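Colleague: quick one, what's the 3D model for this:
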Amino acid sequence: MCPMRLLKIRWLSRLLLTFLLIGFALSLFTNVPASNAAVLTPFIRHAIDAEFAYADDIQLADMDGDNDLDVIAAAFVVNSTGDSADAQPGDGLCEDGTGHCTLRAALMEANVASQTQHIHFHIPGAGPHIIQPQSPLPLIEKAMVIDGYTQPGARLNTNPAPLGLNTQLMVGLDGSMTSGSIAFGFSQEPWPSIDGLVIRGLAIYNFGAAIGGGYEEGYDVIGARFVGNFIGTDVTGTIASGSWSGVTFSGHRFKNIDIGGIYPEDRNLIKGVSISSRYPESIRVQGNLIGTDISGLRPLGNGTGIDLSNASHILVGGTESGAANVISGNISHGIRLDGNDGITTIQGNLIGMAADGHTPLGNAGDGINNFEHASVKIENNYIAYNQGNGLTILQGNAYQTSYFTTYAPNAVFRNGGLGIDLLNDGVTLNDPLDVDTGPNDLQNYPVLESVVHSNGTVTISGSLSSRPDRTYQLWFFTNAQCDPSGYGEGESFAQEMVVTTDGGGYAAFTVVFPQQERPFVTATASYYGATSEFSQCRADPLYLVTLLQTQVQQLIDEGKLASLAGARLLAKLDNVAAALQAGQENTAVLRLRNFIASVNTLMNRRQLDRDLGQPLVDAAWAIIQQINLP
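Modeller: The predicted structure is shown next:
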């Protein structure tokens, strides 16, 4: 711990002399050796407690080498919700002239201290305690540790990512009187780097932003951790307050910044993150709930979850256990990228899903909106239930956008738009020799010509028409249902392969993989990371009929469909299968239409609940669509 104030023990020695013979005491205690700390400590605790908040915030040591025992304050201890200034900044004592240490006073003292200081909290009463500054707080000029978990009653989160939080915060910082200022901002003075800043255990709300810098010429922050906070919400983590972005970095150089972390106690609840800086480097956003409330199951009412503009070397999520962010429930995009500096990695997150990993909690815009950002690696995320596209790439040279990797492709499904949309104009159809230009070079997608289920395997045949004499990576996915557009999406990764086009830009392929639960197949093509949109969705019509027969039989077995009526439906499906096996596709379509009419009749007569019969109708129409594909 770094000393804030040294109190020489000589004055305590004089206190002890009142209990001893003056002559004998003077001969023993003219100077008090540091080796006598253990003996003296019980006698001086009472005197120390009058100066410091509680015993954990002091220590005894010979700090200046003169063989005297010094009393060292290990932290400034905020013991008031007031907002008064420090009485004498630089004297090493957090005190406003009335015997109280306010947060403002502690910041003033920490800013002028020679070494890194700790700010603890021990505010009397049950709490939670709300500190409401009447004007902007002092800008942070030096490294310090601000720790709200030192307030009695506070409790660290123990739930691993991506689950909801069980954090209990006992200190809130309400900026409603500060005219939209940043709660913890960074100074504009010439640039002594801030290395070692930690802010944890606080609910920070009703500010323009909770943490960050907004200056073109500000302090370099080259080492900081913002962990275990509620940023942009009250202490309950259920009410959003303040600006759209809770954490904002814009202006000068930010390096080695952790917003959250892989350990449960480091996870934040954040209203939003905005990074727009000329020289950001090694900023990690991990383990947070961004856009949801504390449960991770309900929306908080944020704008864009994470907005990265002209930013580089940003990691959102990661491969480590506990790194996943939940980026869901935002009223705009989950993640927005704008700018083309350096590498950004978006990895292993839930984007549009609740913290339980399956409940829909989509963002109102795209899952990821890449307006213009070169060198983006997007892998191993779950991107689902967003009202816009799963991933949109709008303009600029996004050639290095790596949408999938060999070992960890994304799961993209049930978004309102396309799974991947280049130019945000709907399906971009293939062009001869793939000569068009645009985001990801408007890479052509594979054409799936047939899907056959047989003996527990799936065999896919198709082709890729693209640039001549190039090698492409193909990824194949299975889906529970097709996108309404007929193209995509990519719910579950199934297989990958490499193909090389000939001099005419053509490559045929056949790929085989084990039969999976999801019957609809899609694919993408990628050249040096420039990924296509999803292919047209394909399935084996005969296999779909088999699945539909299983649905009908299950309704019979569960007593939800009368045996006689069910048997008639099964017989109709047998006739459909026979027509398909005979190559009579038009006959199969007519028989499927007859099956649909029969199911509708059962529903209209209330012999089959509509919520049970409609899935049968939808499945039959999906088979017809597959039969009618060229």
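Colleague: going by C-alpha atoms from here, please, whenever you check contacts or count neighbours.
Modeller: Fine.
Colleague: number of residues surrounding the closest residue to Gln495 other than its chain neighbours?
Modeller: Excluding the flanking residues, the one nearest Gln495 by CA to CA, 6 or more residues apart in numbering is Phe476, at 5.2 Å. Phe476 sits with 23 neighbouring residues when counted by other CA atoms under 10 Å.
Colleague: and Phe476, what does it touch?
Modeller: Phe476 sits next to 490, 493-496, 521-524 when contact means CA atoms under 8 Å, 6 or more residues apart in numbering.
Colleague: from the chain's centre, how far out does the helix or strand encompassing it sit?
Modeller: Assigned by DSSP states H and E, Phe476 falls within strand 471-479. Computed by CA atoms, centre = their mean, to the nearest Å, the chain-centroid distance of strand 471-479 equals 26 Å.
Colleague: same question for stretch 175-186.
Modeller: 24 Å.
Colleague: now do the helices in the stretch 1-150 of the chain.
Modeller: 10-17, 22-29, 37-49, 103-112 (DSSP state H, counting those that start in this stretch).
Colleague: per-residue pLDDT, Tyr407?
Modeller: Tyr407 is assigned a predicted lDDT (pLDDT) of 34.
Colleague: phi, psi of Asp434?
Modeller: Per-residue torsions, Asp434: phi 50, psi 50 (degrees, to the nearest 10).
Colleague: likewise Asn586?
Modeller: Torsion angles at Asn586 (phi, psi; degrees, to the nearest 10) stand at phi -60, psi -40.
Colleague: got it, and Tyr445?
Modeller: The phi/psi pair for Tyr445 (degrees, to the nearest 10) is phi -90, psi 160.
Colleague: burial measure for it, as a count.
Modeller: Neighbours of Tyr445 (other CA under 10 Å): 27.
Colleague: that one reaches Ser463, doesn't it?
Modeller: No: between Tyr445 and Ser463 there is no contact under CA atoms under 8 Å: 9.3 Å.
Colleague: and Gln473, how close does it get to Pro439?
Modeller: For Gln473, the distance to Pro439 (CA to CA, to the nearest Å) stands at 18 Å.
Colleague: who's more crowded, the two?
Modeller: A side-by-side neighbour count of Gln473 and Pro439, using other CA under 10 Å, places Pro439 first with 27 against 19.
Colleague: per-residue pLDDT of that one, please?
Modeller: Here the pLDDT value assigned to Pro439 is 85.
Colleague: go on, Ile72?
Modeller: 46.
Colleague: how about Ser312?
Modeller: 75.
Colleague: what does Gly462 give?
Modeller: In this model, Gly462 carries a pLDDT of 98.
Colleague: thinking it is in contact with Val452, fair?
Modeller: No: using CA under 8 Å, Gly462 makes no contact with Val452, being 12.0 Å away.
Colleague: could I get the contacts of Phe476 as TSV with neighbour count and secondary structure?
Modeller: As requested, these are exported to TSV (neighbours: other CA atoms under 10 Å; DSSP: H, G, I helix; E, B strand; the rest coil):
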residue	neighbour count	secondary structure
Gly490	33	strand
Phe493	20	strand
Ala494	20	strand
Gln495	17	strand
Glu496	20	strand
Val521	31	strand
Thr522	30	strand
Ala523	28	strand
Thr524	29	strand
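Colleague: in the protein, which spans are helices?
Modeller: Along the chain, the stretches classed as helices by DSSP state H are 10-17, 22-29, 37-49, 103-112, 541-557, 563-581, 585-604, 610-628.
Colleague: tilt between the longest one and helix 610-628?
Modeller: Here helix 585-604 runs at an angle of 170 degrees relative to helix 610-628 (axes from the mean of the first three to the mean of the last three CA atoms, to 10 degrees).
Colleague: all good on my end, thank you.
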